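Trainee: Below is the structure, and that's it, no one-letter string:
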């Protein structure tokens, strides 16, 4: 069975396997092996696409896909942060070869749902220059360099072009590409991490495919790390969806110019890609990369409770949450006489 990607908009191999198995008579997919295990208390699903039959069935390249469920993190279980760090570090180390690494933070820093890559680089310890300057003191460190290529609309350059130039200069043993992903299930937003050894295609999850970053284009292994921040807004996703024909409800306070015109009362037709506020605190994007009748996607517009819980606290190993400062009660008094 081959998945129809026009109706299944996802970057997660786990969701692709679930969709393919639900429509298969035997409940299995030829050329695909899946194994579930636990590491440091976190559920890990290891999917291996072994041949072209499996790759065609899932719409994913041949390779390994590791999905980590961050459930214990959000449940604030004992030692959840340290265990989560060890879990992800162990899974990433298993995919990396020995030698220098170039980390590439893909995405648009100015857009919250697409800033996962640049934000990761901001919190990365780069060591390539320190090892060159003080080799004895940093002898136990792996050489790490980092680059944020930005997006084509801001730089005029494909991410592949900039990363390839850095690879030619740094000559790493592998590239770690960090990017935001698209999911099919809203429960996976910011609650899943996928690691794979197949590289990635920026924008493919929302129909805006750019040049691929993989071994074929860069000449070195590319380890992709991603977190879903965008979800399909079809009715099956439980987010309301949109009526056929690209018609979406008007925002509160909107008054149509002609009440008798339009596809239907209280609906506004979007002939092309457009983002409109959603009542659930999201942006609905009408037909990203497709016609107005195509699938919709949804992006985070304001923090959901799960995301707010994650972002409102400074989580550092061994660190403490700062105390809330006391409120200023005295009113400001003028200090200048006119």
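Mentor: Alright, I've got the coordinates. Remember, predicted model here, so these are calculated numbers, not experimental data.

Trainee: Strands of the stretch 101-250 of the chain, residue ranges please.
Mentor: 101-106, 144-150, 174-183, 192-196, 222-232, 247-249 (DSSP state E, counting those that start in this stretch).

Trainee: what lines up beside the fourth one in the sheet?
Mentor: Meaning strand 192-196. strand 63-69 (antiparallel), strand 222-232 (antiparallel) (DSSP bridges).

Trainee: weakest of these by average pLDDT?
Mentor: Within the strands paired with strand 192-196, confidence is poorest for strand 222-232, with a mean of 92 (mean pLDDT).

Trainee: what angle separates it from strand 101-106?
Mentor: 20 degrees (axes from the mean of the first three to the mean of the last three CA atoms, to 10 degrees).

Trainee: What residues sit buried inside strand 222-232?
Mentor: For strand 222-232, burial by neighbour count (16 or more other CB atoms under 10 Å) applies to 222-232. (C-beta placed from N, C-alpha, C; glycine too.)

Trainee: Repeat that for stretch 33-47.
Mentor: In stretch 33-47, counting by 16+ other CB under 10 Å, buried: 34, 39-42, 44-47.

Trainee: Turn those into JSON lines, including pLDDT.
Mentor: Formatted as JSON lines, those follow (pLDDT from 0 to 100):
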{"residue": "34", "pLDDT": "92"}
{"residue": "39", "pLDDT": "95"}
{"residue": "40", "pLDDT": "94"}
{"residue": "41", "pLDDT": "93"}
{"residue": "42", "pLDDT": "95"}
{"residue": "44", "pLDDT": "96"}
{"residue": "45", "pLDDT": "96"}
{"residue": "46", "pLDDT": "96"}
{"residue": "47", "pLDDT": "95"}
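
Trainee: Which one of these is nearest to residue 186?
Mentor: residue 45 (18.6 Å; CB to CB).

Trainee: which ones are touching that closest one?
Mentor: Shown in contact with residue 45 (CB atoms under 8 Å, 6 or more residues apart in numbering): 14, 34-36, 66-67, 69.

Trainee: could you say which helix or strand contains residue 33?
Mentor: In this structure, residue 33 sits in strand 32-39 according to DSSP states H and E.

Trainee: between the helix or strand following that strand and strand 63-69, how big is the angle?
Mentor: Counting by DSSP H and E, the next helix or strand C-terminal to strand 32-39 is strand 42-49. Using the same axes, to 10 degrees, the direction of strand 42-49 lies 160 degrees away from that of strand 63-69.

Trainee: Tell me the neighbouring strands of strand 42-49, and mark each as parallel or antiparallel.
Mentor: Counting by DSSP bridges, strand 42-49 is paired with strand 32-39 (antiparallel), strand 63-69 (antiparallel).

Trainee: Which one, of those, ends up nearest to residue 103?
Mentor: Closest among those, once you apply CB to CB, is strand 63-69, at 17.8 Å.

Trainee: Which residues does the closest one contact?
Mentor: 12-14, 39, 42-49, 87-88, 91, 95, 191-198.

Trainee: Buried residues, the helix or strand just after that strand. List them.
Mentor: Using DSSP H and E, the helix or strand that follows strand 63-69 in sequence is helix 71-74. Of all the residues in helix 71-74, those buried under the rule 16+ other CB under 10 Å are 72-74.

Trainee: so which of those comes closest to residue 131?
Mentor: residue 73 (32.1 Å).

Trainee: domains for the chain, by residue range?
Mentor: 13-231, 233-252+268-312 (automatic domain parsing).

Trainee: got a list of what the closest residue to residue 121 other than its chain neighbours touches?
Mentor: Residue nearest to residue 121 in three dimensions, not counting chain neighbours: residue 105, with 3.6 Å by CB to CB, 6 or more residues apart in numbering. Contacts for residue 105 (CB under 8 Å, 6+ apart) come out as 116-122, 146-148, 178.

Trainee: Filter those residues down to the buried ones and express that as a PyMOL selection.
Mentor: Those of the contacts of residue 105 that count as buried under 16+ other CB under 10 Å are selected in PyMOL with:
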select buried, resi 116+117+118+119+120+121+146+147+148+178
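
Trainee: out of the contacts of residue 105, who's nearest residue 166?
Mentor: Nearest to residue 166 among those, with distances taken as CB to CB, is residue 147, at 4.8 Å.

Trainee: Now for this protein, the helix or strand with the poorest mean pLDDT.
Mentor: strand 267-269 (a mean of 35; mean pLDDT, DSSP states H and E).
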